[in-house]
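Undergrad: the amino acid sequence is not available; the structure is as follows:
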């Protein structure tokens, strides 16, 4: 893509998200969401491949539906109550519609159906933007209206997301689909604790973005899109392969890695709220996600690639990709658990 066009698209992504962050009026928030959607669509379609075109079309239709629902619900609220203020929305029907629309925006179950298919058709760089930056604007709105949301609806969506995120990734061989189901599961954890401790949701979102960015940058560095490709990475970059393996375990929530922090705190909060059954189901659903993370670890470290390789030997080619962002994000993904009290204090 032309560098000037790329600059405009990335700037528009930033402007759209900032507009939604700064707005207290539903119409401005909707405009920010639309700018976000319009900016990422050329980035998704730049490959000129049928799968990229299909993914772009699916994403556009889904996001257009969600934006139309947001506009309809906010207009209904203005018609009934006479205001457009985001934080003052209280009427049950507009609130439910907006909750469902924002869940569709971030890929929360049961409105998750588009996420794996869209992510599969994108390259890893655009997939990184879709799974991290594109979550921020809808989450800003969800955070603002959280006190008035229906608790039962939120908990059902959160529980469904963790279960679908775990079950859906079990039978996948494509890394981008696995990351999509991982995203769905993490969204479920965030939504589950949103009404009880919003600051913990923000902490979880920050750590999720950090871990997901690390994984996408690592997969981009080793040019891996399928599980089979991971079997050749050990002979190319053994150190990167080892650290990526540990990042996968962090994404699964194993101590003493950073990914254990949000799961530990969320389970603790659910126990405080006298929801032991919910906490137990969430913890068990994590085992499903951990299973497919361990599959990737097994493919990366405990399998030997075939001796016959018909492609150019990739370990002979020096990577031209920047390693500093990946190094910083990997360090944070692995080593932040001792900083839990500090991060909790900052979040609250």
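TA: Okay, I see it. Remember, it's a predicted structure, so these values are computed and weren't measured experimentally.

Undergrad: break down the stretch 151-300 of the chain into its helices, ranges please.
TA: Along the stretch 151-300 of the chain, counting by DSSP state H, counting those that start in this stretch, helices occupy 151-168, 175-192, 198-221, 227-230, 233-236, 238-252, 260-272, 276-301.

Undergrad: mind putting those into CSV with distance to residue 86 and mean neighbour count?
TA: The way it works is simple: take the backbone N, C-alpha and C, and place the C-beta from them, glycine included. Listed next are the helices of the stretch 151-300 of the chain as CSV, based on distance: least, CB to CB, whole Å; neighbours: other CB atoms under 10 Å:
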stretch, distance to residue 86, mean neighbour count
helix 151-168, 17, 20
helix 175-192, 18, 26
helix 198-221, 15, 22
helix 227-230, 43, 18
helix 233-236, 46, 19
helix 238-252, 32, 20
helix 260-272, 25, 19
helix 276-301, 28, 18
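
Undergrad: out of the ones you listed, flag the one nearest residue 3.
TA: For the helices of the stretch 151-300 of the chain, distance to residue 3 was read as CB to CB. The smallest value, 19.2 Å, belongs to helix 198-221.

Undergrad: other SSEs contacting the closest one?
TA: For helix 198-221, the helices and strands in contact under the criterion 3 or more CB pairs under 8 Å, 6 or more residues apart in numbering; DSSP states H and E are helix 124-131, helix 136-145, helix 175-192, helix 238-252, helix 260-272, helix 324-335, helix 340-347.

Undergrad: wait, which of those is closest to residue 213?
TA: Closest to residue 213 of those, according to CB to CB: helix 324-335, at 5.2 Å.

Undergrad: for the residue lying closest to residue 121 once chain neighbours are set aside, give its distance to residue 45.
TA: Spatially, and ignoring its direct neighbours in sequence, residue 121 is nearest to residue 55 (2.8 Å; CB to CB, 6 or more residues apart in numbering). Using CB to CB, to the nearest Å, we find residue 55 at a distance of 8 Å from residue 45.

Undergrad: between those two, who's got more neighbours?
TA: Using other CB atoms under 10 Å as the criterion, residue 55 and residue 45 rank with residue 55 on top: 24 against 19.

Undergrad: how many neighbours does residue 106 have?
TA: Residue 106 sits with 24 neighbouring residues when counted by other CB under 10 Å.

Undergrad: for the nearest residue to residue 241 once chain neighbours are set aside, what are its contacts?
TA: For residue 241, the nearest residue in space outside its immediate sequence neighbours is residue 233; the separation is 4.7 Å by CB to CB, 6+ apart. The contact partners of residue 233, by CB atoms under 8 Å, 6 or more residues apart in numbering, come to 222, 224, 240-241, 244, 300.
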